[in-house]
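**Q** following is a predicted model, sequence given first.
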Amino acid sequence: MGAGFKMGVFCKEMIGAHFVDAADSISANIAGGFGRYHKKDKIKFYRYSVGSLKECFDCNEKAKVRKLLSEDEYKHIFSELEKLPKSINTLIKFTNEKLTI
């Protein structure tokens, strides 16, 4: 097994680790927002989760281009990620409209 194998494993491990970190960060930032008292702080953390979501889209694209995922795996992940922006934006809108502080 030559350098090509090692590079493939390296790419898979690096993208995989970043993907997991970004995905974990989505929920962690939402949880962090729930733990804040002021509306602006809550929304700031919810927006951080949107940034993490965008990182997930980026990792999915890189994994596809580098052939670390099959087309079906890529499409499945993309369709699941696609559901989140609306939910997070609804949370932001609700927080902005309903909280007074």
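**A** Alright, I've got the coordinates.
**Q** just the CA coordinates for stretch 52-59, please, in CSV.
**A** Output in CSV follows, covering the C-alpha atoms of stretch 52-59 (Å, rounded to 0.1, in the frame of the first residue of the first chain):
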residue,chain,number,x,y,z
SER,A,52,-21.6,25.1,12.1
LEU,A,53,-24.3,23.9,9.8
LYS,A,54,-22.6,25.6,6.9
GLU,A,55,-19.4,23.8,7.9
CYS,A,56,-21.3,20.5,7.7
PHE,A,57,-22.5,21.3,4.1
ASP,A,58,-18.8,22.1,3.3
CYS,A,59,-17.5,18.9,4.7
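**Q** so what touches that stretch?
**A** For stretch 52-59, the surrounding residues in contact (CB atoms under 8 Å, 6 or more residues apart in numbering) are 15, 18-19, 22-23, 25-26, 29, 78, 81, 84-85, 88. The way it works is simple: take the backbone N, C-alpha and C, and place the C-beta from them, glycine included.
**Q** residue 13: neighbour count?
**A** By other CB atoms under 10 Å, the residues close to residue 13 number 11.
**Q** just the pLDDT for it.
**A** Model confidence at residue 13, given as pLDDT, is 91.
**Q** swap in residue 57?
**A** As predicted, residue 57 sits at a pLDDT of 98.
**Q** separation between it and residue 30?
**A** According to CB to CB, to the nearest Å, residue 57 stands 17 Å off from residue 30.
**Q** now the helices for the chain?
**A** In the chain, the helices defined using DSSP state H lie at 3-34, 39-65, 71-82, 84-98.
**Q** how far is the third one from where the chain is centred?
**A** The chain centroid and the centroid of helix 71-82 are separated by 13 Å, computed with CA atoms, centre = their mean, to the nearest Å.
**Q** the last one now?
**A** Average the C-alpha atoms of helix 84-98, do the same for its chain, and the two points are 16 Å apart (CA atoms, centre = their mean).
**Q** what of stretch 24-36?
**A** Taking CA atoms, centre = their mean, one finds stretch 24-36 lying 12 Å from the centre of the chain it belongs to.
**Q** report the buried residues of it.
**A** Residues 25, 26, 29, 30, 32, 33 are the ones in stretch 24-36 that count as buried (16 or more other CB atoms under 10 Å).
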